[in-house]
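Please work out how this folds:
(one chain, ligands or ions: 1)
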Amino acid sequence: SVTVRRRFRRHFSLAGVQRNVTDHRVLLLGPPGAGKGTQGDRLADRYDLDVITTGDALRNNKQMDISDLGLEYDTPGEYMDAGALVPDAVVNEIVVAALADADGFVLDGYPRNLDQAEYLSDQTALDHVVLLDVPESVLVERLTGRRVCDDCGATYHVDFDPPAEDGVCDDCGGEIVQREDDTEETVRDRLQVYADETEPVVEHYRETGALTAVSGEGSPDEVFDRLVELIDG
Ligand code: AP5
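Numbering: from 1, shown residues only. Below you'll find the model as predicted:
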């Protein structure tokens with residue numbers, strides 16, 4: 001079975017209880033390294049939302065046996081380490097389970113292709129569809145310098161956001177490591193997959209008029225201020 005990590009979760013939905021009108025349903029789109037994880041956590045904290053992130057859910061289930069699908073690889077981890085997309089059947093299941101008991105949410109890392117976007121539109125409506133716009137040269141620098149806590153998942157960067165003590169997480173004292181798919185070669189593959197599979201999703205939301213593009217350049221605080229301004233209207 002699939003587990004989804006929920007950060008900043010402070011309330012639970014009950015059958016029959018109506019959605020709070022202040023709950024936001026935010027979709028964050030953008031290439032690898034655009035800052036979706038960084039900003040998704042901040043938005044969740046600010047607006048009391050669940051973060052639904054397929055990347056984290058898959059990382060927590062890298063060894064899951066999916067051989068029954070009869071596809072190229074037998075585990076999600078093999079797709080991820082190749083920089084490829086994990087099959088839709090696996091990812092859709094994660095998202096539908098997470099949406100079932102989320103009120104407001106930030107969706108990060110999904111949908112990644114047009115089939116996933118179509119599936120999502122049958123599951124829920126969205127209030128904000130936001131593209132974090134960052135040039136490719138900046139993305140490679142951010143991703144190859146990213147480090148994450150092996151225990152709690154907190155994100156750092158060797159130059160832009162280092163921990164106080166080398167290799168040790170500020171939040172939980174856990175070990176800080178490099179993600180296996182953050183090597184330069186795999187980053188290039190992920191950016192190519194984004195261009196081929198996910199840019200059509202961005203175009204789809206642009207054509208429907210739902211999309212707002214926000215610059216993801218500048219400091220995390222500057223980017224966050226832009227997002228808050230957008231959401232608060
Ligand atoms: P996933 O984990 O979703 O990775 P991603 O989309 O490639 O996004 P990242 O986590 O790399 O980037 P981010 O935008 O969150 O950046 P962050 O905030 O960390 O997916 C991984 C894999 O899982 C995929 O390749 C695929 O195999 C599979 N997968 C996931 N979802 C799937 C789906 N729906 N379908 C099929 N397969 C799926 O920031 C990056 C770095 O920059 C950090 O070090 C951070 O500190 C730094 N930083 C952030 N903002 C700033 C700033 N403003 N200035 C300076 N540095 C900054």
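
The residue in the chain positioned nearest to the ligand: helix or strand, and which one exactly?
Using C-beta to the nearest ligand atom, the closest approach of the chain to the ligand is made by G55 at 1.9 Å. (C-beta placed from N, C-alpha, C; glycine too.) Secondary structure from DSSP states H and E places G55 in helix 54-59.

how distant is that helix from the center of its chain?
The gap between where helix 54-59 is centred and where its chain is centred comes out at 8 Å by C-alpha atoms, centre = their mean, to the nearest Å.

Not counting the helix or strand where A213 lies itself, show me its contacts.
Using DSSP H and E, A213 sits in strand 211-215. Strand 211-215 is touched from outside by 29, 128-134, 202, 205, 223, 226-227, 230, with contacts defined as C-beta atoms under 8 Å, 6 or more residues apart in numbering.

what do you get for stretch 123-134?
Under the criterion C-beta under 8 Å, 6+ apart, residues 24-31, 33-36, 39, 95-96, 99, 107, 142, 202, 205, 210-217, 223, 227, 230-231 lie in contact with stretch 123-134.

Just the ones of those in strands?
Counted as lying in strands by DSSP state E, out of those, are R25, V26, L27, L28, L29, L107, L211, T212, A213, V214, S215.

Not counting sequence-adjacent ones, nearest residue to the fifth one?
In this structure, L29 finds its nearest non-sequential neighbour in L131, 4.8 Å apart by C-beta to C-beta, 6 or more residues apart in numbering.

Show the pLDDT at that neighbour.
L131 carries a pLDDT value of 98.

just the angle between the helix or strand encompassing it and strand 211-215, please?
Per DSSP H and E, L131 falls inside strand 128-133. Per axes from the mean of the first three to the mean of the last three C-alpha atoms, to 10 degrees, the angle that strand 128-133 makes with strand 211-215 is 40 degrees.

Neighbouring strands of strand 128-133 in the sheet, and parallel or not?
Strand 128-133 has the following strand partners under DSSP bridges: strand 25-29 (parallel), strand 211-215 (parallel).

Around the ligand, which positions in this protein sit nearby?
Applying C-beta under 6 Å from any ligand atom, we find that the chain lies next to the ligand at 30, 32-38, 54-55, 58, 79-80, 83-86, 91, 109-110, 112, 116, 142-143, 146, 155-157, 160-161, 181, 190, 218-220, 223.

ok, of those residues, which come out buried?
Buried by 16 or more other C-beta atoms under 10 Å: 30, 32-38, 54-55, 58, 79-80, 83-86, 91, 109-110, 112, 116, 142-143, 146, 155-157, 161, 181, 190, 220, 223, out of the residues of the chain next to the ligand.

G83 reaches E184, doesn't it?
No - G83 is beyond contact range of E184, at 11.2 Å (criterion: C-beta atoms under 8 Å).

Just want the most central residue of the protein.
With distances taken as C-alpha atoms, centre = their mean, D108 lies nearest the centre of the chain, 2.8 Å away.

who does that one bridge with?
Under the criterion used (DSSP bridges), D108 bridges to L28, T53.

residues in contact with it?
L28, K36, G37, G40, V51, I52, T53, T54, G55.

any idea how far it lies from V51?
Noted for D108: a distance of 6 Å to V51, by C-beta to C-beta, to the nearest Å.

Touching both of those two, which residues are there?
G40.

Hmm, L58 is touching E93, no?
No - L58 lies out of contact with E93 (C-beta under 8 Å); the separation is 11.2 Å.

Output the contacts of D108 in CSV; the columns should cover pLDDT.
Listed next are the contacts of D108 as CSV, based on pLDDT from 0 to 100:
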residue, pLDDT
L28, 98
K36, 96
G37, 94
G40, 95
V51, 93
I52, 94
T53, 93
T54, 94
G55, 92
